[in-house]
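In: Please find the sequence and the predicted model below.
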4 protein chains.
Amino acid sequence: MLSSVEVEKHQKVVQVGDIKIGGDELVIMAGPCAVESREQLLEAARYVKEYGGHILRGGAFKPRTSPYSFQGLGEEGLKLLAEAREETGLKVVTELMDSDDIELVNNYADIIQIGSRNMQNYGLLKKLGRLDKPILLKRGYSATIKEWILAAEYIIAHGNSQVILCERGIRTFETATRNTLDLNAIAWIKEMTDLPIIIDPSHGTGKRSLVAPLAKAGITAGADGIIVEMHPYPEEALCDGEQSLKPEDFAKMIKELNRVAKAVDKRLVV
Amino acid sequence: MLSSVEVEKHQKVVQVGDIKIGGDELVIMAGPCAVESREQLLEAARYVKEYGGHILRGGAFKPRTSPYSFQGLGEEGLKLLAEAREETGLKVVTELMDSDDIELVNNYADIIQIGSRNMQNYGLLKKLGRLDKPILLKRGYSATIKEWILAAEYIIAHGNSQVILCERGIRTFETATRNTLDLNAIAWIKEMTDLPIIIDPSHGTGKRSLVAPLAKAGITAGADGIIVEMHPYPEEALCDGEQSLKPEDFAKMIKELNRVAKAVDKRLVV
Amino acid sequence: MLSSVEVEKHQKVVQVGDIKIGGDELVIMAGPCAVESREQLLEAARYVKEYGGHILRGGAFKPRTSPYSFQGLGEEGLKLLAEAREETGLKVVTELMDSDDIELVNNYADIIQIGSRNMQNYGLLKKLGRLDKPILLKRGYSATIKEWILAAEYIIAHGNSQVILCERGIRTFETATRNTLDLNAIAWIKEMTDLPIIIDPSHGTGKRSLVAPLAKAGITAGADGIIVEMHPYPEEALCDGEQSLKPEDFAKMIKELNRVAKAVDKRLVV
Amino acid sequence: MLSSVEVEKHQKVVQVGDIKIGGDELVIMAGPCAVESREQLLEAARYVKEYGGHILRGGAFKPRTSPYSFQGLGEEGLKLLAEAREETGLKVVTELMDSDDIELVNNYADIIQIGSRNMQNYGLLKKLGRLDKPILLKRGYSATIKEWILAAEYIIAHGNSQVILCERGIRTFETATRNTLDLNAIAWIKEMTDLPIIIDPSHGTGKRSLVAPLAKAGITAGADGIIVEMHPYPEEALCDGEQSLKPEDFAKMIKELNRVAKAVDKRLVV
């Protein structure tokens, strides 16, 4: 049987330093799509900290559809994330793409993110099961909820129960938005499993102006937090600029989330 | 150019008696999937009224996938809806399936509902354009947002601008839920058009326990109200029992919606 | 039980004049998307006849996503189809969109086509059940195979068993082609029902160069014929020009189909 | 720019021993879903050889949705494949799931198969680019054609141009079949790129009786060959039994394919 859908369900909380994910407090993860430079990352990190975020996101290894697109700064990017953590006190979440880099990323990250394309990379999932580190498992862009839970089960069954799910939008026929953020899945997961779950309205919508409404909707549906893309200068971003919040958008959204959180008996500690 | 996506957007309000749909007040439509009997409908209507609903829903003509399924009570059902309106003061929304019944349904309904399967029944849409009656236009289960707006435009361009959109879930690969309620669409529509829009979390999820979380999420994303299935005895319902709220679920949801509404500067007048 | 999936399956043949659809002979339906003018239609019809087609297609009533697009010539278009039939001896298939036009279209058409958007317009289907006329029932662009068969059953159960199915592509996430022609459905329908079925590779692919390969593939999968768009001057077509064959493409495809037909024990009588 | 979509297109042929994939001759790959035992594999291999197959398929490493399902025999399975090759003279295609096993699988396989779930495992693709070995790249079950070609490009750009594509069905709303085999994609790929492409009607349909019609349809649409599941005793198979051909089904299909091949100017050398 699945530990994640066992009968005696208890809200499982994943702890990252002082931050508890999956309880009454919401978690805010924010930062640029990719780590691009020292200046960019530090400026972004200061905004995240100032406006109430808890965890800095930023990709050092980028899964790009084309082999000719910017692939990320690699270890140099990880070092910059560590520097930003040092300066701001934020925790760091960053993506691991390849099992060759597992030690490297584990050395730098407070949470290891597994992206949508690797959700069913079972060899990688098994290795994550042997770590003592929280894992942010994004939903495959066309994975059913059941396949997603079973992917989490690969990690848990191999020894690591610190799994946080992340709904990031599914692929449908609709083209007005980049993906279709599936909030049914949030409510379903909260009812049927004890896994913490957050949402990514940046990838889920692909459109800056829709990020705040969907972030609020996700929290209302039961999500334990959000992960959003924020860039000091979105128009100059090397990837995903059109879905990245500006710092002032981020600040505004945090205020709105605070009101919504209270209406569903959650707290946003900023 | 589309009147619905014109540059100078103003929030259009559709008025049904004293009820304003599309402004600061949320509208609650509720009732059984199908009108089954006098007792069932009146009991349901009393619950809707008592717990704070504004508009009674109930199908007299039912679009059923199989020709051998219950097809609805027809005019007898419409008369029962009128009786329930008389007794409770609730307004009535009910589905029109066939242009042959347009006068009949128009005589009884305060809002005429066009179901998902008829969203691109252009002959019918044109005829609705000649009525002076609010139309609830459900999204085709695989219609893009653009196709949906253009279907509304068929009604508007033929003379009737009292169109209320209803997001009721789209068809995706996911099978854990009956449909995937698309809340991206809510935020997109509110940003890009001036049409009022409500959500149907009953069809959108197909699962009773998910109705309340998604209703709340929809309001937070910007919806102007909800339409839900509520049945005095869901286990005896002739259709959609598994997604119908019990009266006590409905009452509880309304209280929760009230809190959420305030957090997004809307009001729920009960 | 469904008459269309009953246990003792026999290949049902629908007869249109001398043409038998559903047996060993393949049927070729071709012509422009829309009837645009006398010259265009007659020129197209002559090509269809000359190169081996049996039935002329052409829309007089056009279901267009936007109310501001060309909506078809109406009865004038039907008269031109009749004139083309008179001259060439081809039979005529044309779309009925609205039950108001049922007598009119029935007077002119040899086969009445029901388009994708009307597959679940149950009122219309019931009325078709009372006619003595072959019906070409296109699959809804997101209808499951089961829903499609049950739509056919609406017509059959109301008295008209002359139903020919038409697979015309389903809506998926893929955007390289206009739709995804579902040839699984062809093989499934031929195995599980006794309904004749043809394919529409023009809408199914949306791309002229893909029409012939998919037409051949459909026949090989078991289809009883094809319906394709052919226009004397596709670049001037009022709709669907990019998916319309040129007359010489059509002639070439017919020759290729002839070879393929023999390889699967079918005949193409040209 | 993409080498696979360059302007001067020439039909690229991938050579596996004496077998040429991508030219006038069709390739037949067949065998069980998983290598289960010595007896099972050798018996299957003898049937493949006897009835005209060229390449033996069989999984030693199995990507299973649940961590609790049979995961394959691992290296023991690879050794059995080598033994079957030794006895029958068939070449061997088998799946690589994890970059840890790349040397191991490379030592045994004549073609390395990359499964649907790993199509965007870019780290793995890059490593395959450094091998001198044909790669069978299955389409991700929800990958667009463009994403698929770009995944091939990851391998090609890193040095290995011996890529064979495999269409294995995409995920859609339809549930009557396991997947929807996309034959539009076959014709599109053959027109726009110079990559060889085969189809997998076993996964594409999930239903034994549909395998032969779809295999034939795929060849007619332009595919360079097929890969099918065949098991001596499908009812005892550890995985995918319901979609596995029986040996006599396989023999019959090969004869039918032979006729179809000639009708599209291809040859089936058995």
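Out: Received the coordinates, thanks.
In: just so I have it, where are all the strands in chain A?
Out: A:14-16, A:19-21, A:27-31, A:55-57, A:91-95, A:111-114, A:135-138, A:163-167, A:197-199, A:225-229 (DSSP state E).
In: Geometric centre of chain A: which residue is closest?
Out: Centroid-nearest residue in chain A: residue A:227, 4.5 Å away (criterion: Cα atoms, centre = their mean).
In: beta partners of that one?
Out: Taking DSSP bridges as the rule, residue A:227 bridges to residue A:29.
In: Enumerate every residue touching it.
Out: By Cβ atoms under 8 Å, 6 or more residues apart in numbering or on different chains, the residues touching residue A:227 are A:29-30, A:57, A:93, A:136, A:166, A:198-200, A:202. Bear in mind the C-beta positions are built from the backbone N, C-alpha and C, glycine included.
In: between these, which is nearest residue A:80?
Out: Proximity of these to residue A:80 (Cβ to Cβ) peaks at residue A:57, which lies at 12.8 Å.
In: The residue lying closest to that closest one once chain neighbours are set aside: neighbouring residues, count only.
Out: Of all residues not flanking residue A:57 in the chain, residue A:31 sits nearest, at 4.0 Å (Cβ to Cβ, 6 or more residues apart in numbering or on different chains). Residue A:31 has 30 neighbours, counted by other Cβ atoms under 10 Å in any protein chain shown.
In: tell me the pLDDT at residue A:31?
Out: You'll see residue A:31 listed with a pLDDT of 98.
In: Is it in contact with residue A:54, as I believe?
Out: No. Under the criterion of Cβ atoms under 8 Å, residue A:31 makes no contact with residue A:54, lying 11.2 Å away.
In: Which neighbouring elements make contact with the lengthiest helix in chain A?
Out: As assigned by DSSP state H, the longest helix anywhere in chain A is helix A:247-263. Here helix A:247-263 touches strand A:27-31, helix A:38-51, helix A:208-221, strand A:225-229, helix B:247-263, going by 3 or more Cβ pairs under 8 Å, 6 or more residues apart in numbering or on different chains; DSSP states H and E.
In: The third one near chain B anywhere?
Out: Yes. Among the residues of helix A:208-221, A:209-210, A:213-214, A:216-221 lie within reach of chain B under Cβ under 8 Å from any Cβ of the partner chain.
In: Can you tell me which residues in the stretch 151-270 of chain A are near chain C?
Out: Within the stretch 151-270 of chain A, the positions near chain C by Cβ under 8 Å from any Cβ are A:171-173, A:175.
In: rerun at 6 Å
Out: A:171, A:173 (Cβ under 6 Å from any Cβ of the partner chain).
In: Those residues of the stretch 151-270 of chain A touching chain D, which are they?
Out: Counting by Cβ under 6 Å from any Cβ, the residues of the stretch 151-270 of chain A lying close to chain D are A:153-154, A:157, A:171.
In: one more time with 8 Å
Out: Residues of the stretch 151-270 of chain A lying near chain D (Cβ under 8 Å from any Cβ): A:153-154, A:157-158, A:171.
In: Filter the residues you listed down to the buried ones.
Out: Among these, those that count as buried by neighbour count (16 or more other Cβ atoms under 10 Å in any protein chain shown) are A:153-154, A:157, A:171.
In: Quick check, pLDDT for the spatially closest residue to residue A:36 that is not a sequence neighbour.
Out: Among residues not flanking residue A:36 along the chain, residue A:238 sits closest, at 5.4 Å (Cβ to Cβ, 6+ apart). Residue A:238 carries a pLDDT score of 90 in this model.
In: Show the contacting residues for residue A:238.
Out: A:33-34, A:36, A:70.
In: ditto for residue A:132
Out: So residue A:132 contacts A:160, A:162 (Cβ under 8 Å, 6+ apart).
In: any idea how far it lies from residue C:77?
Out: 73 Å (Cβ to Cβ, to the nearest Å).
In: what about stretch A:17-37, start to end distance?
Out: Using Cα to Cα, to the nearest Å, the end-to-end distance of stretch A:17-37 comes to 26 Å.
In: Buried ones in it, by neighbour count?
Out: For stretch A:17-37, by 16+ other Cβ under 10 Å, it's A:19, A:21-23, A:25-36.
In: quick one: residue A:235 and chain B, what's the gap?
Out: Relative to chain B, residue A:235 is positioned 20 Å away (Cβ to the nearest Cβ, to the nearest Å).
In: That residue reaches residue A:244, doesn't it?
Out: No. At 9.3 Å, residue A:235 does not count as touching residue A:244 under the criterion of Cβ under 8 Å.
In: thinking again about what came up before, could you say which one of the helices and strands packed on helix A:247-263 comes nearest to residue B:123?
Out: The nearest among the helices and strands packed on helix A:247-263, by Cβ to Cβ, is helix A:208-221 at 34.2 Å.
In: what's the angle from that closest one to helix B:208-221?
Out: 140 degrees (axes from the mean of the first three to the mean of the last three Cα atoms, to 10 degrees).
In: so which two of the buried residues of stretch A:17-37 are the farthest from each other?
Out: Greatest spatial distance among the buried residues of stretch A:17-37 (Cβ to Cβ): A:23 and A:36, at 33.9 Å.
In: circling back to that earlier point, out of the residues of helix A:208-221 next to chain B, which end up buried?
Out: Buried members of the residues of helix A:208-221 next to chain B, counted by 16+ other Cβ under 10 Å: A:210, A:213-214, A:216-221.
In: okay, those residues in a markdown table with distance to residue B:261 and pLDDT next?
Out: Converted to a markdown table, those look like this (distance: Cβ to Cβ, whole Å; pLDDT from 0 to 100):
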| residue | distance to residue B:261 | pLDDT |
| --- | --- | --- |
| A:210 | 20 | 98 |
| A:213 | 15 | 98 |
| A:214 | 18 | 98 |
| A:216 | 12 | 98 |
| A:217 | 13 | 98 |
| A:218 | 17 | 98 |
| A:219 | 15 | 98 |
| A:220 | 11 | 98 |
| A:221 | 15 | 98 |
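In: just the helices in the stretch 101-250 of chain A please.
Out: Secondary structure of the stretch 101-250 of chain A (DSSP state H, counting those that start in this stretch): helices at A:102-108, A:122-128, A:145-157, A:183-192, A:201-205, A:208-221, A:247-263.
In: What lies in contact with the last one?
Out: Same thing as helix A:247-263. A:26, A:28, A:30, A:47-48, A:50-53, A:208, A:211-212, A:215-216, A:219-220, A:226, A:228, A:230, A:232, A:245, A:267-268, A:270, B:220, B:259-260, B:262-264.
In: now swap in the fourth one and tell me
Out: Helix A:183-192 is contacted by residues A:5, A:139, A:145, A:148-149, A:165, A:167, A:195, A:197, A:199, A:217-218, A:221-223, B:174, B:176-177, B:180-181, B:183, B:204-205, B:207, B:209-210, B:213-214, B:217 when judged by Cβ under 8 Å, 6+ apart.
In: what about 7 Å?
Out: The contact list for helix A:183-192 (Cβ atoms under 7 Å, 6 or more residues apart in numbering or on different chains) reads A:5, A:145, A:165, A:167, A:195, A:197, A:199, A:217-218, A:221-223, B:176-177, B:180-181, B:183, B:205, B:209-210, B:213-214, B:217.
In: picking that back up, want to throw the buried ones among the residues of helix A:208-221 next to chain B into TSV with distance to residue D:117?
Out: Listed next are these as TSV, based on distance: Cβ to Cβ, whole Å:
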residue	distance to residue D:117
A:210	29
A:213	33
A:214	28
A:216	33
A:217	30
A:218	27
A:219	31
A:220	33
A:221	28
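In: returning to what we had before: give me the buried subset of the contacts of helix A:247-263.
Out: Buried members of the contacts of helix A:247-263, counted by 16+ other Cβ under 10 Å: A:26, A:28, A:30, A:47-48, A:51-53, A:208, A:211-212, A:215-216, A:219-220, A:226, A:228, A:230, A:232, A:245, A:268, B:220, B:260, B:263-264.
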